Each structure stands twice: as C-alpha cells, then as structure tokens.
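1. okay, predicted coordinates and the sequence, questions at the end:
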Amino acid sequence: MSQQIPDGTRTPLEYDGVTRRSFLRTSVVFAAGLTAIAAGLAPLLKLEDFPSLEEFMQKYYKEMTPEDMAKVLKRIEGQVEREYGIRPHVRDLKPMNGVEFVYCLNLTRCIGCRKCVHACVAENNQSRNPEIQYIRVLKMPHGSFDMDKAEHDYNPAMVPEKDHFYMPVQCQQCKNPPCVKVCPVHATWQETDGITVIDYDWCIGCRYCEAACPYWARRFNFSKPSIPKEQINPDMAYLGNRPRRQGVMEKCHFCIQRTRAGRYPACVEVCPTGTRKFGNILDPNSEVSYILRTKRVFIQLKEELGTSPRFFYYFDV
Amino acid sequence: MKNDGKSLLVLTVLVLVFFALAGALALNLWGRTARLSPIPPVDPAVTSTATVRKSYAELVRTGADTSDFECYVCHEKDKPPTLAFDENHNLVVPKEHPDIVMGHGRNNRNNLCFNCHDETNLELFQTKDGRELKFAESTELCGSCHGPTYRDWEAGVHGRTSGYWNRAMGPFTRQDCVSCHNPHSPKFPGRQPAPPPHPLRPLPPAAGAKVEGEH
C-alpha cells in the first residue's frame, strides 16, 4: 500500500486509507454483487396477474354503487378481451324476490356418465389443466352408504355398472354454510336466493373455506387457470363464471349467470336421464316442490352436521 | 477499510452465493413441479345436450327422414300383418325389422305388437281404453299404461326439462318418452362415461390396485 513518509505527511494519492486500487477492486465486486441480486430476483419479472391499480383499489362487492360496478364490469370485459381475444358479456345479476333455489338429484336415475361434470367445466370457464371440476361423481356399491368405499375415478367401458349406484356431489348451497363462517375477509357469503357466492377479487386464497366444507365442494386455483381461447363461454357473471386468477377459491354457484336469468343450470340441461332437477322452492308449482312433497327424499348429505343443504337426494317410487 | 482482505472475501462469497441462487432459480431446481402432463380435450359429444334418441315428433320438427314411419310402403293396407311365435310362445320379429328387440316389460309380458300398434292402421297406435293416437302422440300412449310415471312427467319430474325454470322469463321443453327410451326395449341404454378427473401426478400403481381389490 501507500508508503508513510518519515516526516508524517501523506502521499498525495492517499485519502483515508482508500487507494485507487482498493476503490476499483471493491467497486467491481460491488457491481458484480448487484448484478447477481438482480439475476436472483429476475424470476419475479415472470410473475403475471399483478392487479392493476384500479383492481387493487376496488371496493368490497356489497359496498359498490351501481356506477362502481359498471366500471368494474367494464374493466373485467377489457381484461378478458386482452387475454382471450373475445369480448365477453359480463353482468352483475342480483337475486330475484321470492326465489329460493333448491336442487334435487334422483339417485335411482343417475347412471354415472359424468356429462354434468364436463358441461359444468365448459359453462363455468373452469381451468382445463390443471383440471378444476365442481362436480365429483361417487360410485358406491348397492346396499351401503359408505363414502370411504366410494370411487371417483371409475372408468369402465360402459356405465351403469352392475350392483353400483352413482352419487354426484357438488356445492350443497347450505342454509348454514360453514365456509362462510370461516372466511376471514367476508369474500364468500350467502345471497337471499340461497346461493353462496365468492367475490374472486376479494378472496385472499387462505383456503379456510376449503377446510371447513364437509362436502369437498371448494376448489383452489393453485396455478393460473388455463382455458383454450375458443372454449371460453362469453356469457359471464361477476359472482359466477368470469375467469379466475391464480390463488383464489371457486365452487359451484348453481350457474348464477343462467339461473338468475331464469334458465336451468348447465348440469340440468345436459343430463341424459333427467336425474337433475332445479327450481324455486317458494313456488308450490315448481318441480322441486313437487319432488319434496311427493317423493321419497332420502337425504341431505351429512344431515347430522346441521349445515342444512339446499341439495336433496331422492329416490323414485 | 482496515480488514480489506477479509471484507473482500466476504463480498466475493456473497456474490458467488447470489450467482448460484440465480442459476438455480433459472433452472427451476426446486419449488414448482415442471410442466403438467397434457390433458386431451373432451369429446364435444360429452357436453352435447342432445337426447339419446329422436322421437317422431322431433324428426318431423327438424325435417329429418321419417320414411321409417311409412308402414304402407311395405305392408298391405286393410290386411293386418300375421304374427309368428316360436315354441316358447315368444314373438318372432320378422327380418324386415332388424332394429327391433322385444324387451318391453319383465317376463316377456309385452309379447304382442298390437298392444300398442293398431293392426287395422299400422300408422296409428291404439290404447287399451280404445283411443287411437298418432305417432307424434306416443307419450300419451305410454301414459295410458304407465300412470305414475306419466304423472311425474307431466309435473316435469320424470325426464329432463330444459329451457327456463322461470316460466315467466322464457319457454321450456319436455322430452317425449321415446326421446330417451326405445319403445321396444325401454330400459335406458348404458353408455361410455366421460373421462374421470386427471390427478396432478399419476397415482402409484399399488394404490390403484388396492382400490380395485376392495370391491
């Protein structure tokens, strides 16, 4: 290093122990370090789905004025168009007065063909890979009701199989929903027509609801949903089938975009055996009222839990 | 900078650590699993809402070929067809009707064409109470025997109802009996199920075998 001259004066090149050489050396190491940190953080650049400022500042669903909602729907339409190349029709449908939805499923008739599962996926813009499906069809041996023995991955050449019955399970739209109770941010709640909905923009993805649901009805988007552009259903609802982000929960919502417009859900429309029945329980002339009045309604699934599902399984006779 | 050599060493090590980290992240060495295996798209037939069969009324409505229902192209008018029975008194279906399998009712109870078809006019049906019905009115014919099922059907509970649950907002449709049931062997036909859910990772073969063994 620099030499000390005997009379105590410093060489002109020296200042506080830093020489040109040591400065350059440290700088090079420092620059290399910064580069390395930048390189290490680079994968963050690949993160998509950053919410826009508008989305980040969005109000809670129940606090939004109609003007706020109109803006939000416009933003969603724009987002969908940018991502999938088609202009969707996104609506915010409100529950109708004097309507409470009930679902009835005939266990005598179900043949386990899983058409409902895939019609639901197509209608509700669910991720195709990884697969998200709201309906799980359980196959159980006749004469028992042991769900531990149920199979959901049966794949024979022909259904129904001998000595078995099939039981499709989906969100039961409970009157006393455990999933709503555990949500720490009120991102899921029960509407007056009985549908438990999720605000995908409010969900923080904690998955408490998934743990609380005794029917395994809730699905989590572990990765960004992938839907082929040509398979997008453009008829969308804010609380229904608009595309979801990674990290949010979703589940069956009785096809809110159809049923609140007066139509039957997609699973009812596709069922080849007429197993699935849907309607307004407050209307005494509806199909579901007729079933609950005259049929052997077997169960509400896991009745003993006190969740009081709006989904009834029944038998013909 | 007193410990010039030491701090340089620390800095160099840190730089190396960060570079290693960057490389590992870029190569995706841990954390996320690699690509998901592809899932083939489902057959459009799976999501189709078409019924299993087409009733005469629907064939007429869609302008399809109804030549199968023109009996007197082959049969002679005013001459009831003669039926043949084998030694077990089972009806022998003539070879001109290869698509007919007699399977209506248990114990071969419905062993006669003229329980439903009118022998004096084959293009009509006859009910037990003496009514004559057209091909397009087949649902009423079925209802003349299957009372409780017909009552359920009228209430929209037997068979599919599609369209609008809210009758004030739009139309709805019911299916005819023969849109799903073959009248000659009415048991609902089996079909191939749509693909089962694809697990994120393939199940170990041992677990699959165990599930099979339980049943």
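-> Arrived safely, thanks for sending.
2. ok, B:Asp129 to B:Cys116 distance?
-> Taking Cβ to Cβ, to the nearest Å as the criterion, B:Asp129 is separated from B:Cys116 by 13 Å. (Glycine included, C-beta is placed from N, CA and C.)
3. if you count what's nearby, which of these two comes out ahead?
-> A count of neighbours by other Cβ atoms under 10 Å in any protein chain shown puts B:Cys116 above the other of B:Asp129 and B:Cys116, at 20 against 6.
4. now stretch A:211-221: buried residues?
-> A:Cys213, A:Tyr215, A:Ala217, A:Arg218, A:Arg219, A:Phe220, A:Asn221 (16 or more other Cβ atoms under 10 Å in any protein chain shown).
5. over to stretch A:164-180?
-> A:164-174, A:177-180.
6. same deal with stretch B:145-160?
-> Neighbour-count burial for stretch B:145-160 [16+ other Cβ under 10 Å]: B:Thr149, B:Tyr150, B:Asp152, B:Trp153, B:Ala155, B:Gly156, B:Val157, B:His158, B:Gly159, B:Arg160.
7. kindly list the longest helix within chain B.
-> What stands out as the longest helix in chain B, according to DSSP state H, is helix B:4-27.
8. which other helices and strands does it contact?
-> Here helix B:4-27 touches helix A:20-41, going by 3 or more Cβ pairs under 8 Å, 6 or more residues apart in numbering or on different chains; DSSP states H and E.
9. low-confidence ranges, the chain, go.
-> By default, I'm working from chain A. A:1-16, A:46-50 (pLDDT under 70).
10. nope, chain B please
-> In chain B (pLDDT under 70), the answer is B:1-3, B:31-35, B:202-215.
11. just the helices in it please.
-> Counting by DSSP H, the helices of chain B are B:4-27, B:56-61, B:138-143, B:147-154, B:205-213.
12. which member of the buried residues of stretch A:164-180 is positioned nearest A:Tyr103?
-> A:Gln173 (7.2 Å; Cβ to Cβ).
13. in contact with the closest one, which residues?
-> A:Phe101, A:Tyr103, A:Gly194, A:Ile195, A:Thr196, A:Cys252, A:Phe254, A:Pro309, A:Arg310, A:Phe311 (Cβ atoms under 8 Å, 6 or more residues apart in numbering or on different chains).
14. skipping adjacent residues, who's closest to it in space?
-> A:Arg310 (4.3 Å; Cβ to Cβ, 6 or more residues apart in numbering or on different chains).
15. do I have it right that that neighbour meets A:Phe101?
-> Yes - A:Arg310 lies in contact with A:Phe101 (Cβ atoms under 8 Å); the separation is 6.5 Å.
16. mutual contacts of these two, please.
-> In contact with both A:Arg310 and A:Phe101: A:Gln173, A:Gly194, A:Ile281, using Cβ under 8 Å, 6+ apart.
17. which of the residues you listed sits closest to chain B?
-> For the shared contacts of A:Arg310 and A:Phe101, the minimum distance to chain B (Cβ to the nearest Cβ) is 11.4 Å, reached by A:Ile281.
18. tabulate the shared contacts of A:Arg310 and A:Phe101 (a markdown table), appending distance to A:Glu303.
-> A markdown table is the format used below for these (distance: Cβ to Cβ, whole Å):
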| residue | distance to A:Glu303 |
| --- | --- |
| A:Gln173 | 15 |
| A:Gly194 | 17 |
| A:Ile281 | 17 |
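19. can you lay out the residues you listed as TSV showing secondary structure and distance to A:Phe298?
-> Shown next, in TSV, are the shared contacts of A:Arg310 and A:Phe101 (DSSP: H, G, I helix; E, B strand; the rest coil; distance: Cβ to Cβ, whole Å):
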residue	secondary structure	distance to A:Phe298
A:Gln173	coil	18
A:Gly194	coil	20
A:Ile281	coil	17
